[in-house]
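Participant: Let's see this in three dimensions:
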Amino acid sequence: MPRTDAASVREELGVSQSEYSDDEAATDIRRAGYLVDARVADRLDDTELLTDLETLVAAHFAHEAFTDTTADGQQIKQLRQGSRSVSFDTSGTTGPGGFASPYWSEALAIDPTGRLGVHTRSAHVTSTSDSE
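Facilitator: Numbers count the residues shown, from 1 in each chain. Predicted coordinates for the structure are as follows:
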């Protein structure tokens, strides 16, 4: 049985029901519940904290729909100025679903068991022209 609801996940995301329907939320909440139950629930008896974790993980799953990604789901941002560029590839700092989100980071931060998951790595690539 889910601990969170669609309205709580929408509030966390800052979106309306027209942007993120109850049906869409139900899928993300179900997946979040499975993850929280499998990794954390047996070691944590704080119902409010489990609800917060489930809400954040559901928001993490939903976040991908509201984030610019490449065709294979990687989040890449690039800054350019003249011939200089900096690329930030967050594909290594991921949560379930293979993408990064602030909701996953927050869930990890408030998980006292440390079992929800861990960040792996984040690659930063910098290139400059030798002519400058």
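Participant: quick one: low-confidence ranges for this protein?
Facilitator: 66-82, 84-100, 118-132 (pLDDT under 70).
Participant: hmm, 90 instead?
Facilitator: 1, 19, 61, 63-106, 108-109, 117-132 (pLDDT under 90).
Participant: Strands of that one, residue ranges please.
Facilitator: Counting by DSSP state E, the chain has strands at residues 76-81, 84-89, 123-127.
Participant: Need the nearest residue in space to S16, chain neighbours excluded.
Facilitator: Leaving aside its chain neighbours, S16 sits nearest to R10 (6.9 Å; criterion: Cβ to Cβ, 6 or more residues apart in numbering). C-beta coordinates here come from the backbone N, C-alpha and C atoms, glycine included.
Participant: Just give the nearest non-adjacent residue to H63, would you?
Facilitator: The nearest residue in space to H63 (Cβ to Cβ, 6+ apart) is S101, at 4.1 Å.
Participant: The one you found reaches V57, doesn't it?
Facilitator: No. S101 lies out of contact with V57 (Cβ atoms under 8 Å); the separation is 9.7 Å.
Participant: Tell me how far D22 lies from A6.
Facilitator: For D22, the distance to A6 (Cβ to Cβ, to the nearest Å) stands at 5 Å.
Participant: neighbour count winner among the two?
Facilitator: A6 (20 against 13; other Cβ atoms under 10 Å).
Participant: what about the helices in this protein?
Facilitator: 6-13, 22-39, 47-63, 102-110 (DSSP state H).
Participant: among these, which is the most enclosed?
Facilitator: Comparing the helices of the chain by mean neighbour count (mean count of other Cβ atoms under 10 Å), helix 47-63 comes out on top with a mean of 23.
Participant: That helix to helix 6-13, inter-axis angle?
Facilitator: Orientation of helix 47-63 against helix 6-13 (axes from the mean of the first three to the mean of the last three Cα atoms, to 10 degrees) gives an angle of 70 degrees.
Participant: which other helices and strands contact helix 47-63?
Facilitator: helix 6-13, helix 22-39, helix 102-110 (3 or more Cβ pairs under 8 Å, 6 or more residues apart in numbering; DSSP states H and E).
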